[in-house]
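Fold the following, please.
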Amino acid sequence: MQELSYLQEPGFSVTSARVDIAGQSFATRNIGSVRVESPHTSLVAALVGLVGLTAVFFGAAVLGLCLAIAGGVWALATLNLRRLSLVAKGGAKLTFVSSDAAMVERVGSAISRAVAVG
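Numbering: from 1, shown residues only. All right, here's what the predicted structure looks like:
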């Protein structure tokens with residue numbers, strides 16, 4: 001059977017036989033499914049910021065301001081973050097993290113197509 005190519009981009013190669021992501025190589029036949037998810041750290045970061053703002057109003061201005069700024073920066077940094085995990089018999093393996101959601105979705109979709117055909 002001829003090897004089909006589903007995605008060829010710098011750092012990514014998805015074929016019917018192999019998946020290569022940023023130097024990691026996986027046999028397509030060993031992949032059960034693909035998960036693309038967003039980490040939920042933005043909620044925790046927003047909570048840290050809210051605690052900081054509350055501390056500012058109750059007299060701990062320096063500590064509160066530091067927490068508010070740290071929480072805000074953390075929330076903005078993780079807002080668009082996406083994680084791609086490959087699920088096999090041995091469990092899930094985190095393979096790629098990026099803030100480029102479209103690229104992570106494109107890679108996940110190509111792997112899903114390769115797994116479905118293989």
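
For stretch 13-30, could you pull out the residues that count as buried?
Burial within stretch 13-30, assessed by neighbour count using 16 or more other CB atoms under 10 Å, is assigned to S13, V14, T15, S16, V19, I21, F26, T28. Every C-beta, even on glycine, is put in place using the N, C-alpha and C of the backbone.

In CSV, list those residues along with distance to T78.
Listed next are these as CSV, based on distance: CB to CB, whole Å:
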residue, distance to T78
S13, 28
V14, 26
T15, 32
S16, 34
V19, 26
I21, 21
F26, 26
T28, 30
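
Which pair of these spans the longest distance?
S16 and I21 (15.8 Å; CB to CB).

returning to what we had before: let me know the closest of the buried residues of stretch 13-30 to V115.
For the buried residues of stretch 13-30, the nearest to V115 is T28 (6.1 Å; CB to CB).

Quick check: closest non-adjacent residue to the residue positioned nearest the centre of the chain.
By CA atoms, centre = their mean, the chain has its centre lying nearest to R83, at 1.3 Å. Using CB to CB, 6 or more residues apart in numbering and skipping residues adjacent in sequence, the residue nearest R83 is V97, 5.0 Å away.

In a strand, the one you found, correct?
Yes: the assignment for V97 by DSSP: H, G, I helix; E, B strand; the rest coil puts it in a strand.

The residue nearest to the centre of the chain - that's part of a helix, no?
No: counting by three-state DSSP, R83 is located in no helix; its state is strand.

so it sits right up against V36, yeah?
Yes: at 7.2 Å, R83 counts as touching V36 under the criterion of CB atoms under 8 Å.

between the two, what contacts are shared?
Taking CB atoms under 8 Å, 6 or more residues apart in numbering as the contact rule, R83 and V36 both touch V104.
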